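> Pasting the sequence and the predicted model now:
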Amino acid sequence: MMKNKPDEEDYWNSSKFKAFTFDDEDDEFSRLKESKQAVNSIRSLVEEEDDEDEVEKVSWSGEPVGSISWSVRETAASNQKTQREHAFPKINASSPSVSRSHSGYSLSSLFKGESALSESSVKLYAPELRKPKSESKDYISDWSPEETIHRMQQGKVVSLERFRSLQDKLLLLDFSVRAHDGNIITAVLIHLKRTLSKEVLFRELESRQTALRHFIHYLTEIRDHRLLLELLSKRRDFLKSCLNLPFSPEESAHVQDHYTLLERQIIIEATDRLAEHAGKVEIFQKFPRRASILNMPLITTLYYCCFYHYNEPEGTYSSPLNIRHTFRISEKQYFVTVLAARAKLKAWSDLDALFTSRNWLGFTKKKSPLSFHRVVDILQKNSAPTQVLQEYVGLVDDADLRIGLAQKHKCHDIVINTYRDLKDRQLLLGYRGKVERGSAEERKINDLLDSPHIRWKN
Amino acid sequence: MAAHLSYGRVNLNILREAARKELREFLDKCAGSKAIVWDEYLTGPFGLIAQYSLLKEHEVEKMFTLKSGRLPSADVKNIIFFVRPRLELMDIIAENVFSEDKRHSSVDFHILFVPRRSMLCEQRLKEQGVLSSFINIDEYILDLIPYDGDLLSMEYESAFRECYLENDQTSLYHTAKGLMTLQALYGTIPQIYGKGECARHVANMMLRMKREFAGSQNQILPVFDTLLLLDRNVDLLTPLATQLTYEGLIDEIYGINNGYVKLPPEKFAQKKQGEASKDLPTEPKKLQLNSAEELYAEIRDKNFNAVGAALSKKAKIISAAFEERHNAKTVGEIKQFVSQLPHMQAARSSLANHTSVAELIKDITTSEAFFDNLTVEQEFMTGVDTDKVNTYIEDSISQKDPLIKILRLVCMQSVCNNGLRQKVFDFYKREILQTYGYEHILTLNNLEKAGLLKPQISSRNNYPTIRKTLKLWMEDANEQNPNDISYVYSGYAPLSIRLTQVLARPGWRSIEEVLKMLPGPHFEERQQLPAGLHKKRQQGENRTTLVFFLGGVTYAEIAALRFLSQMEDSGMEYIIATTKLINGTTWIKSLMDRPESQAP
């Protein structure tokens, strides 16, 4: 802990700490402009055919003409043309059944070790590596499980059928896992699936997590849902038996919340759809629902309820307050969501109520868990009128930030009042130039400047 | 087109040539005219190996994209499918084959699996009853693709997820295979260093494979002196930080894919005189990015703040060169000027492009949002308030900013604090689930499993020790004229690259303590060279290290390594290899479950 201290001090005491700074913004920009200008001036000088004689031709999409992906499109397009030319279907005279059986490379032949598979067709497409010395060994000899896996890795003919005992099969599996080649693990698993009862297979897989994951992946891929479900429900039962163990309560709480949320969404969706169709509830007429609320995230659901069900008593499922409490939504999240929803509806008075708190003397005060700076941002995004904005800009504590915001959103009163409070005559004079001629603001500035009661600091 | 591959210290064009040779041999196996049906994903990586002209020379007349339904009529003798071993693609192929059979054509079918053939896929073809229709079923091992003069990538997107989440080490097997191929071409690498579980696995597999080939010895003089294998999870922090080099920012903002980037077209519209701007392009502008382009090679690794100056300097040079025409008086002079024109015009158009790109990026880096985000990142990296809930993150969640942005920041805070305090951890988790949906609990669990987001178990946070020992934060990083790798993140020196730097000098022994704090074992292995292949090093000759990032590397890290290569007194040149080029966004995305359901 003590070790951290100097760090912090370093940070606070040194002004060296900096974020990514673009020193001299203008300069940087002008540099880009400079090179742009240069480019343009040259462009006028060398007209047209400029792209022609470059190192490589580039089509508009930027791919070099002649690159593979470009040519795929190109030859396909030319193909369409030729197709149109031969409008008649072409009848092919030659016999359709040229025997194709000589390709012969099939999984079962692989497993049976049939010699249909010639060595050459499995030749590895890599620069010739030196041949291992084992290659000179005889074909049909008795490969051990380990040797068999090695041969499979080299793409050679092997016979898995020969391994009949459970022990051998498991050895195969273990060696394949050790070889880290998913392809071979899968091949062995396929063999095991065919030749073992699923009770035995499942039992053995339980203690072989890597192989198990490959098997689940395999079943998912081939869409063997029946077996997969069986396997997973076995896992689920296993998990269920584990639930009594001290598993993270946090995790199960999230699952519970997910369930509760979906349950509510179903109820709200049913009720609201009816209400919308009946056409009796004004808000659904004015702002038709755009999508169903089913399966939406919690905060989206809260927003929805703030939009359509804001004033409901806390007892209902769709009441925002009820949702807030049920799901333990943080104060900040709640405020932001209400703010966004009510601002969208331009229900400014709701916001007033939201931020107003009363102390024990009965005085009211505006309070917010998020900075008023951000409140203003959100309001402005929802095109709140200046009057409303002004109220919240005025609540920003930091004077510089407040003036900045006020100037940005043209809240003249706040700017003027702040300068007055700062007793800064110069700034006020400067600001007079920015307000409209003959406006109320200008008059107010003039009155202040003429006022004998203010002791200006400059 | 691939000349830039041979400029570097190691001529990677040899690897490319080897790959092209295999491709030609396969094509020639299917005698007669051909059509290729492409798994669209593969056209990108293949583009790095070959152009259409090569295929054409070997009688490839048509090329199509793999689509379900009927094949377009092609009138060729062979139809070859170039596909990844994916089951869903097998179903499409089966459909294609059936439709062609109905046409009674006498076409021969072939499949080329990239990068490996798969039992599962062949079984699927058999189930669909088409397996016997194929004359050739082959594999095209595209383990390491030469990406640039000093860069190799496997373009294996899911490698990190497979290794750390799914416990599937297939990608490591491919890595070891790729390294064996590399050694077959460039000689045995005498020294292997590594840090991390996966690094250990790969080294073990390499050594075993070498034993299996023990009969004959590799007689090529070694090009690489050292191989350094680094697990991505040794340095989880670096990819989470926003890259601040030119190339890094292009990738962060627009995403670089197989060496190409797609950009919004507006800034690239060429306004020609007398031409109405009626056909403003709406299609994104696609640019190829590699060191073949002189200007790009010059500025790609610079901190973005130094790019403006570099561009304007270049502009002046080019303008001056064009002005030269006024001085050309004699016929000979004019002739010489004209002969240089193509080169100058290429330089001009390159300058125009990158000026536009820089403008696009500038718009973003000067925004308040970018600045705020970066400030928080830098606070975390310097260890400020990492044990509290961060207000900026909280606000970003309540504004429903993109989930990936939130996850990057939260993970960064967790990594920089050696796990979050339980209360903080629970708070973020609840806010994220409530705002983005409970289904993301799967993603959060994945991040936890990968070690990116976790509750603090011990009260000891060793990140500050690591930061100080390895000098991960440099107060006065010089962005314009860098003297340290920390310029790539404007202050933060990537941990992975510091490890590489220390290994070269003074050696890992000096940082034993820190290495023990990072996950996984660290090790050193030696591979025996046959007598006579020991290099006799000239005085002052640089050594070459191949750094292999298992699980991905960022452009900023690559920039930092290039910087080290260029440092005069470093005495080391680096070649970089990786499973995939990543950035924080693509990386986190690869760890998400159902990323598509993410709110925009």
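Arrived safely, thanks for sending.
> tally of neighbours for the closest residue to B:K454 other than its chain neighbours?
Spatial nearest neighbour of B:K454, chain neighbours left out: B:G419 (4.7 Å); criterion: Cβ to Cβ, 6 or more residues apart in numbering or on different chains. No exception for glycine: its C-beta is placed from N, CA and C like everyone else's. Neighbours of B:G419 under the rule other Cβ atoms under 10 Å in any protein chain shown: 21.
> ok, now A:R213?
When neighbours are counted by other Cβ under 10 Å, A:R213 registers 17.
> Repeat that for B:N327.
8.
> What distance do you get for B:D569 to A:K280?
Relative to A:K280, B:D569 is positioned 83 Å away (Cβ to Cβ, to the nearest Å).
> The two - which one has more neighbours?
A:K280 (10 against 6).
> so which helix or strand takes in that one?
Assigned by DSSP states H and E, A:K280 belongs to no helix or strand.
> Could you check how far it is from A:Y304?
19 Å.
> quick one, phi psi at the nearest residue to A:I267 once chain neighbours are set aside?
The spatially closest residue to A:I267, leaving aside those adjacent along the chain, is A:Y317, at 5.5 Å (Cβ to Cβ, 6+ apart). Per-residue torsions, A:Y317: phi -70, psi -30 (degrees, to the nearest 10).
> Verify the contact between A:Y317 and A:R264 for me.
Yes. At 5.2 Å, A:Y317 counts as touching A:R264 under the criterion of Cβ atoms under 8 Å.
> These two - which one has more neighbours?
Taking neighbours as other Cβ under 10 Å, A:Y317 and A:R264 compare with A:R264 leading, 20 against 16.
> average pLDDT for the helix or strand containing that one?
Assigned by DSSP H and E, A:R264 falls within helix A:249-278. For helix A:249-278, mean pLDDT is 80.
> what's the answer for stretch B:550-564, then?
97.
> gap between it and the chain center?
Chain-centre distance of stretch B:550-564: 9 Å, with Cα atoms, centre = their mean, to the nearest Å.
> which parts of it are buried?
B:550-564 (16 or more other Cβ atoms under 10 Å in any protein chain shown).
> Listing request: residues of the chain with sub-threshold pLDDT.
I'll assume chain A. Scanning chain A for pLDDT under 70 picks out A:1-31, A:34, A:38-141, A:220-251.
> That was the other one, I meant chain B.
Residues of chain B that meet the cut-off, pLDDT under 70, sit at B:1-2, B:214-216, B:269-281, B:535-540, B:594-600.
> tell me the residue furthest from the middle of it?
B:T330 (50.4 Å; Cα atoms, centre = their mean).
> which residues does that residue contact?
Listed by Cβ atoms under 8 Å, 6 or more residues apart in numbering or on different chains, B:T330 has no contact partners.
> what's the answer for the one 10 residues further on, then?
When contacts are counted by Cβ under 8 Å, 6+ apart, B:Q340 is found next to B:A321.
> Pretty sure it sits in a strand.
No. B:Q340: not assigned to a strand; according to DSSP: H, G, I helix; E, B strand; the rest coil it is helix.
> any idea how far A:R164 is from it?
B:Q340 is 77 Å from A:R164, by Cβ to Cβ.
> next one: A:T260
54 Å.
> So which of those two has more stuff around it?
A:T260 (13 against 9).
> and the residue of chain B nearest chain A?
Residue nearest to chain A within chain B (Cβ to the nearest Cβ): B:K286, separated by 2.7 Å.
> and that residue, that one's in a helix?
No. Per three-state DSSP, B:K286 lies outside any helix segment and is strand.
> give me the beta-bridge partners of it?
Per DSSP bridges, the residues bridged to B:K286 are B:K262.
> Please report how far A:V375 lies from chain B.
12 Å (Cβ to the nearest Cβ, to the nearest Å).
> Let me see the contact set for that residue.
Taking Cβ under 8 Å, 6+ apart as the test, what A:V375 contacts is A:L339, A:F355, A:S368, A:Y392, A:L395.
> Going by neighbour count, which residues in stretch B:328-336 are buried?
Of the residues in stretch B:328-336, none is buried (16+ other Cβ under 10 Å).
> what about dumping the CA coordinates of it to CSV?
This file holds the C-alpha atoms of stretch B:328-336, laid out as CSV (Å, rounded to 0.1, in the frame of the first residue of the first chain):
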residue,chain,number,x,y,z
ALA,B,328,14.7,22.0,-68.1
LYS,B,329,16.0,23.8,-71.2
THR,B,330,17.8,21.3,-73.4
VAL,B,331,16.1,18.4,-75.0
GLY,B,332,18.2,16.1,-72.8
GLU,B,333,17.0,17.8,-69.7
ILE,B,334,13.4,17.6,-70.8
LYS,B,335,13.8,14.0,-71.6
GLN,B,336,15.1,13.3,-68.2
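> Please list the residues of the stretch 201-350 of chain A that sit near chain B.
A:209-210, A:213-214, A:217-218, A:221-222, A:250-251, A:254-255, A:257-258, A:261, A:295-299, A:327-330, A:332-333, A:336-337 (Cβ under 8 Å from any Cβ of the partner chain).
> Could you rerun that using 6 Å?
Applying Cβ under 6 Å from any Cβ of the partner chain, one finds that the stretch 201-350 of chain A approaches chain B through A:T210, A:R213, A:E221, A:E250, A:H254, A:H258, A:P297, A:L298, A:I299, A:Q333, A:V336.
> For the stretch 451-600 of chain B, which segments are assigned as helices?
B:463-469, B:495-504, B:512-517, B:555-566, B:584-591 (DSSP state H, counting those that start in this stretch).
> Just name the most buried of those.
helix B:555-566 (a mean of 24; mean count of other Cβ atoms under 10 Å in any protein chain shown).
> If you count contacts, what does the helix or strand hosting B:L152 end up packed against?
If you go by DSSP H and E, B:L152 is part of strand B:151-153. Using 3 or more Cβ pairs under 6 Å, 6 or more residues apart in numbering or on different chains; DSSP states H and E, the elements in contact with strand B:151-153 are strand B:145-148, strand B:572-578.
> quick one: strands adjacent to that strand?
strand B:145-148 (antiparallel), strand B:572-578 (parallel).
> export those strands to JSON lines and tack on mean neighbour count?
Formatted as JSON lines, those follow (neighbours: other Cβ atoms under 10 Å in any protein chain shown):
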{"stretch": "strand B:145-148", "mean neighbour count": "24"}
{"stretch": "strand B:572-578", "mean neighbour count": "24"}
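> Domain parsing of chain B, as residue ranges.
Chain B is divided into the following domains under the TED database: B:3-142, B:143-235+B:462-531+B:539-599, B:246-366, B:369-460.
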